[in-house]
Structures are given as C-alpha cells and as structure tokens.
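In: predicted coordinates and the sequence they were generated for:
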Amino acid sequence: MGSSGQQVSWKLADHPTLPKGKTLALIVLDGWGEYKPDEYNCIHVAQTPTMDSLKQGAPEKWRLIRAHGKAVGLPTEDDMGNSEVGHNALGAGRIFAQGAKLVDIALASGKIYEGEGFKYISECFEKGTLHLIGLLSDGGVHSRLDQLQLLLKGASERGAKRIRVHILTDGRDVLDGSSVGFVETLESDLAKLRENGVDARIASGGGRMYVTMDRYENDWDVVKRGWDAQVRGEAPHKFANAVEAVKKLRENANDQYLPPFVIVDENEKAVGPIEDGDAVVTFNFRADRMVMLAKALEHQDFDKFDRIKVPKIRYAGMLQYDGELKLPGHYLVSPPEIDRTSGEYLVHNGVRTFACSETVKFGHVTFFWNGNRSGYFNPEMEEYAEIPSDVGITFNVQPKMKALEIGEKARDAILSRKFDQVRVNIPNGDMVGHTGDIQATVVACKAADEAVKMIIDAIEQVGGIYVVTADHGNAEDMVKRNKSGQPLYDKSGKLQILTSHTCQPVPIAIGGPGLAAGVRFRNDVPDGGLANVAATVMNLHGYVAPNDYEPTLIEVVNN
Ligand SMILES: O=C(O)[C@H](O)COP(=O)(O)O
Ligand SMILES: [Mn+2]
Ligand SMILES: [Mn+2]
C-alpha cells in the first residue's frame with residue numbers, strides 16, 4: 001500500500017534498450033558543488049584527479065544539476081540545499097514540499113494550532129510550562145527563527161502563560177558569531193511577551209555540535225549534556241541572562257561548540273528545568289539531529305544514558321521525525337509524505353542493494369534516501385553498512401575521515417558481485433567544510449577524490465556503471481561574498497569564513513565499461529536537479545521510472 005492507502009504497482013517497465021544486471025555504483029559526495037576556481041574553492045585547490053577526469057566527459061557524461069531552493073522543495077531560491085532535502089530528492093525522484101515550507105504554510109494559515117499536536121500540548125498550558133527546544137538561527141536547514149517567533153506568539157495567544165526556550169547556537173548553517181544577534185532578537189521578543197503578562201524566558205543553551213544535536217547515535221554524551229541543562233537545570237556554566245552567556249562562552253569556543261549553560265535566578269536556581277505536567281516542543285523541522293532527543297523524551301525504556309530525572313510531560317515535535325518508528329508520536333505539522341522511493345521500487349524489482357557511509361552520514365544514504373524511513377524495505381535484498389565515525393573531534397583534525405574505509409567497503413561489495421547497486425555517501429567535503437578550516441578542507445577533498453577512484457576502479461573490474469554526484473555545495477566556496485562574488489571582510493578586516501552550505505549546482509557524472517553505447521545526458525532538461533537522478537538510475541538498472549518521477553537525465557542515441 002502507498003501512504004495514500006492506494007495499492008501500489010511496484011513492477012517497473014523494462015527499459016526499451018538498456019540492459020539489466022550491471023553493477024551500479026552510486027556515489028554521493030556530500031557538500032561538493034561547482035564554483036569558480038579561486039583560492040577559497042577547496043575542491044579546485046585540492047588535487048582531485050578523478051573528479052577532474054570525469055569533468056572531461058562534459059557535456060555527454062558530465063553535467064551540473066540543481067541542488068538548492070525549489071528544486072529540492074525548499075521555500076525560496078535563496079535557500080541553500082542540505083543533506084535531508086538533497087538525499088530525499090535523490091532517493092524519491094520527485095520534489096516534495098519540505099519541512100521548512102510545510103511549517104511556513106501551517107503557521108501562515110494558523111492550521112498548526114488546530115492540529116492534534118498543538119491540542120495535545122496545550123492541555124498543559126493552564127498549570128504547566130511550555131518548553132521550546134531547538135536551533136536558534138535563520139539557517140533554514142533545521143529550523144528558522146521566524147518560525148520560532150510565530151510559534152511563541154501563537155502559543156501565548158492560545159493560553160501558554162509560562163514559556164521557557166532552550167536554545168542551541170548555530171554557526172554551521174549561518175556565520176560563526178551570529179549567535180549573539182539571534183539571542184538578542186529572541187530576548188527582545190520574550191521581553192515583549194513579558195510585557196503582555198507571559199512569563200517567558202530563555203532557560204538554557206549550548207552549541208549545537210556539543211549540546212543536543214548529535215545524529216545517528218554517534219555520541220550520546222552530546223544529548224546527555226543537553227538533557228542535564230534542559231531537563232535537570234544542571235550545567236557547568238550559570239548565567240543571569242543568555243546574551244551574557246553566549247558572549248562570555250564565545251571567548252573560548254565558537255557558536256557550534258559552546259558548552260552547556262543554564263540561566264539562573266538571584267538564588268542561583270535554574271529558571272526553567274522541565275517538570276511534571278510541562279509541555280515540550282522540539283521546534284526543529286529537520287529530523288536527523290532531533291531523533292536522539294526525541295527518543296530520550298519519549299521512550300519509557302530509554303537506556304542510552306542515565307536521565308536521572310524523567311518528568312511526566314506532553315511532548316510534540318515540530319514534525320514527526322521518523323515515519324517508520326512513528327517518532328515522536330505527537331507533532332505540530334505533518335511531515336512530507338515521501339512515498340514510493342526509488343529504493344523501494346528497485347528492491348521490489350530484484351535490485352540487490354548495498355548502502356554505506358560512516359556514522360555521521362550513514363542515515364543520509366539510508367534514512368533520508370528512503371524518505372525519512374528507518375530500516376530495510378527487504379533485508380534479504382539490502383545490506384546497510386555503517387563505519388563508526390570518530391567521536392569527540394571536529395573533523396578538521398581528521399579531514400580524511402573514513403573516506404578510504406568507505407571506499408574499501410564499497411569496493412568489496414562491488415567485487416563480491418552480490419549487489420546490483422552499491423550506494424555510498426562520502427562526507428569529507430561537507431563535514432570538514434563546516435569547520436571553516438580551509439587547509440583541512442583541501443585535504444578532505446583530496447581524500448574524497450581518492451575514495452571515488454577506489455570505487456570507480458572496482459566498477460571497471462566488474463564491467464559496471466558508475467554515477468557520481470553530490471547533495472549540495474559546501475567545500476567549493478569557503479567565504480562569504482558580496483553580490484559580485486568578492487570575498488567579504490568583517491569590521492576588523494578579517495575574512496568572513498563560510499561554514500555553511502551554498503546555493504551552487506552540483507556535478508553528476510556517468511560512466512564505466514557497463515554503460516551502454518550511445519548513453520549520454522540529454523540536453524532538453526537544462527534545469528534538471530537532484531530529483532532527476534532517481535529516474536536516471538532506474539534506467540541504468542534497465543527500468544523505466546514511474547510516470548510521476550522527474551524525467552531521466554539520459555538518452556540513448558544510435559551511433
Ligand atoms: O546538520 C548539519 O551538519 C548541517 O546543519 C547541515 O549539513 P548536512 O545537511 O550536510 O547534514
Ligand atoms: Mn549533505
Ligand atoms: Mn552539511
């Protein structure tokens with residue numbers, strides 16, 4: 001059954017000319033866009049002979065595709081791409097309005113307040129506190145400040161009398177240092193609520209990469225640090241107000257890594273621990289970095305760390321983060337209904353699939369790829385391999401990450417001939433790009449290129465096909481620029497480093513000895529984007545994509 005309840009016909013039509021049975025490697029370079037070659041383009045600076053040689057195949061075997069804005073279901077063309085929407089589009093072959101947009105619509109129409117989730121939490125407003133936990137920035141990847149502002153206003157107008165906000169500072173989807181301004185804005189909003197008789201305050205905080213927002217269970221200590229501050233009111237740093245906290249803690253850490261802090265009253269008592277009878281909303285719309293906290297808040301038998309205090313609360317996510325686990329059970333906005341993904345079709349059509357990355361990106365090629373669904377479609381047809389990521393370091397310290405291990409795993413999977421599709425995510429350009437360390441990102445890009453070579457070499461050996469692409473830009477541009485592309489400097493003359501993703505297009509390359517003669521990129525889909533890749537891949541497995549998939553990027557011409 002599809003999510004609409006209709007019977008799905010899983011059988012794909014045979015492609016009129018392309019054969020089945022070729023081993024296909026599907027390589028996603030995370031954070032690898034195309035941009036002008038200058039010293040801040042780490043992909044250009046790095047030695048990337050493999051990716052360079054693929055580019056020689058343009059326009060028939062190499063082209064650019066769109067990976068940001070409306071092409072991936074984001075609200076505007078100013079929205080940079082990200083892994084969730086990128087892998088959703090790659091895997092699902094269609095463009096779905098994504099969380100950011102769905103929340104915008106629900107807030108604008110007021111429907112968010114009529115749904116089951118809001119009703120559920122609002123039962124606590126009379127006697128309890130409403131806690132809002134999430135990423136405080138306008139990055140638009142995991143959350144957006146303007147949505148938090150609307151929610152604060154809407155909840156207080158609908159009876160929330162006591163509100164506590166638990167902030168996570170960003171500096172990863174936005175410039176480092178911007179956290180101070182976001183906290184000031186939030187403080188002035190909360191002051192206005194207080195003028196209107198609502199007891200509204202920031203209660204705790206910390207940097208997103210050190211507090212709460214871990215993903216794929218890489219490091220539970222991150223979530224524990226947040227739990228202690230948010231739920232127990234315990235943290236190594238105590239401040240009277242959050243602006244002061246962030247300014248002070250920034251002396252020794254950047255926005256992404258601020259240590260946890262709690263706001264205390266005159267008696268040094270935390271102003272907003274979570275108590276029995278309270279309501280909690282995690283206001284991030286994006287799933288990956290909220291799932292762990294959602295489990296800690298919702299699972300009775302949770303055993304990943306000692307929660308010490310487990311208050312009886314009503315909890316709702318901004319969205320439901322995992323459709324398969326139904327986590328969390330209550331949510332304010334229904335997530336995009338990403339159904340009938342290419343992975344599910346291919347498994348139904350006998351395509352044996354291997355997917356692999358290291359922990360920090362493992363869910364990207366599995367969970368995001370499969371439409372935010374955890375687990376296998378059919379464990380007899382699929383194998384997902386996770387290589388443990390390094391824990392407790394920033395990846396500029398180990399810029400090679402596990403690229404070669406991923407390459408080796410993929411190579412072995414290809415050479416085993418047990419799989420028809422071997423799919424990987426190579427994280428380096430993105431994870432090291434987010435640190436803002438240009439030299440390390442150059443090393444990262446080289447390592448990613450070497451991993452691609454290992455996989456392509458294995459494909460050569462088995463007579464297979466490769467598709468190499470990326471989910472969005474990052475490493476190709478490491479500085480903030482003005483409209484004409486010149487790097488920007490701050491007031492003190494310091495170059496403004498861009499730790500975030502970009503709006504640049506990404507490459508896609510096809511090749512390998514198994515690629516049938518005459519296959520090339522069409523030139524009549526100039527606006528092609530990530531969502532066009534699924535139909536392309538189905539063709540290369542010998543099938544025609546379902547009618548409602550975005551069109552294939554390839555054609556077969558008679559030589
Ligand atoms: O979560 C993150 O690390 C960043 O906000 C976005 O990066 P990703 O979309 O590449 O995961
Ligand atoms: Mn990504
Ligand atoms: Mn990223």
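Out: Yes, it's here. Ligands and ions are numbered 1, 2, ... in the order given.

In: which SSE is residue 361 in?
Out: helix 359-363 (DSSP states H and E).

In: what packs against that helix?
Out: strand 382-387, helix 428-433 (3 or more Cβ pairs under 8 Å, 6 or more residues apart in numbering; DSSP states H and E). Where C-beta positions appear, they are placed from N, C-alpha and C, glycine not excepted.

In: deepest-packed of those, please.
Out: helix 428-433 (a mean of 31; mean count of other Cβ atoms under 10 Å).

In: so it, near ligand 1 or not?
Out: Yes. Using Cβ under 6 Å from any ligand atom, helix 428-433 reaches ligand 1 at residue 430.

In: only C-alpha atoms, please: export that helix in PDB.
Out: The C-alpha coordinates for helix 428-433 follow below in PDB (Å, rounded to 0.1, in the frame of the first residue of the first chain):
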ATOM      1  CA  ASN A 428      34.500  14.900   3.700                       C
ATOM      2  CA  GLY A 429      33.800  18.000   1.700                       C
ATOM      3  CA  ASP A 430      30.800  18.700   3.800                       C
ATOM      4  CA  MET A 431      31.900  17.800   7.400                       C
ATOM      5  CA  VAL A 432      35.300  19.400   7.100                       C
ATOM      6  CA  GLY A 433      33.800  22.300   5.100                       C
END
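
In: just to revisit the earlier point, is the helix holding residue 361 up against ligand 1 anywhere?
Out: No. Judged by Cβ under 6 Å from any ligand atom, helix 359-363 and ligand 1 are separated, with a smallest distance of 7.4 Å.

In: how about residues contacting that helix?
Out: 30, 83, 215-218, 288, 356, 374, 384, 386-389, 425, 427, 430-431 (Cβ atoms under 8 Å, 6 or more residues apart in numbering).

In: list the residues that contact residue 432.
Out: 395-396, 399, 401, 440-441, 443-444, 475.

In: excluding sequence neighbours, find me the nearest residue to residue 60.
Out: Leaving aside its chain neighbours, residue 60 sits nearest to residue 520 (3.8 Å; criterion: Cβ to Cβ, 6 or more residues apart in numbering).

In: residue 167 falls within a strand, correct?
Out: Yes. Secondary structure of residue 167 (DSSP: H, G, I helix; E, B strand; the rest coil): part of a strand.

In: partner residues bridging it?
Out: In this entry, residue 167 is beta-bridged to residue 134, residue 205, by DSSP bridges.

In: so it touches residue 136, yeah?
Out: Yes. With contact defined as Cβ atoms under 8 Å, residue 167 counts as touching residue 136 (4.3 Å).

In: where do the contact lists of these two overlap?
Out: 183, 186, 205.

In: contacting residues for the last one?
Out: When contacts are counted by Cβ under 8 Å, 6+ apart, residue 205 touches 136, 166-169, 183, 211, 229, 242, 245-246, 258, 260-261, 263.

In: list the buried residues of the helix holding residue 361.
Out: By neighbour count on 16 or more other Cβ atoms under 10 Å, the buried set for helix 359-363 is 359-363.

In: tell me which residues in the stretch of helix or strand residue 119 belongs to are buried?
Out: Using DSSP H and E, residue 119 sits in helix 116-122. The neighbour-count check on helix 116-122 (16+ other Cβ under 10 Å) flags 117-118, 120-122 as buried.

In: stretch 296-315 now?
Out: 296-298, 307, 311, 313-315.

In: can the top helix by length along the chain be found next to ligand 2?
Out: Secondary structure of the chain per DSSP state H: the longest helix is helix 438-462. No. Using Cβ under 5 Å from the ion, helix 438-462 never reaches ligand 2; the gap is at least 12.3 Å.

In: parallel or antiparallel, list what pairs with whichever helix or strand comes after that helix.
Out: Downstream of helix 438-462, the next assigned helix or strand under DSSP H and E is strand 465-470. Here strand 465-470 is paired, per DSSP bridges, with strand 24-29 (parallel), strand 506-511 (antiparallel).

In: of all those, which one is nearest ligand 2?
Out: Of all the strands paired with strand 465-470, it is strand 24-29 that lies closest to ligand 2, at 8.2 Å by Cβ to the ion.

In: between that closest one and helix 438-462, how many degrees?
Out: Orientation of strand 24-29 against helix 438-462 (axes from the mean of the first three to the mean of the last three Cα atoms, to 10 degrees) gives an angle of 180 degrees.

In: and the residue of the stretch 1-150 of the chain found nearest ligand 2, backbone torsions?
Out: Nearest to ligand 2 in the stretch 1-150 of the chain, going by Cβ to the ion, is residue 83, at a distance of 3.1 Å. Backbone geometry at residue 83, expressed as degrees, to the nearest 10, gives phi -60, psi -40.

In: ok, it - how many residues close by?
Out: 26 (other Cβ atoms under 10 Å).

In: need the per-residue pLDDT for it.
Out: Residue 83 carries a pLDDT score of 98 in this model.

In: surely it and residue 470 touch.
Out: No. Using Cβ under 8 Å, residue 83 is not in contact with residue 470; the gap is 10.4 Å.

In: filter the shared contacts of residue 167 and residue 136 down to the ones near ligand 2?
Out: Of these, not one also sits near ligand 2 (Cβ under 5 Å from the ion).

In: turn the residues you listed into JSON lines, including pLDDT.
Out: Shown next, in JSON lines, are these (pLDDT from 0 to 100):
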{"residue": "183", "pLDDT": "99"}
{"residue": "186", "pLDDT": "98"}
{"residue": "205", "pLDDT": "98"}
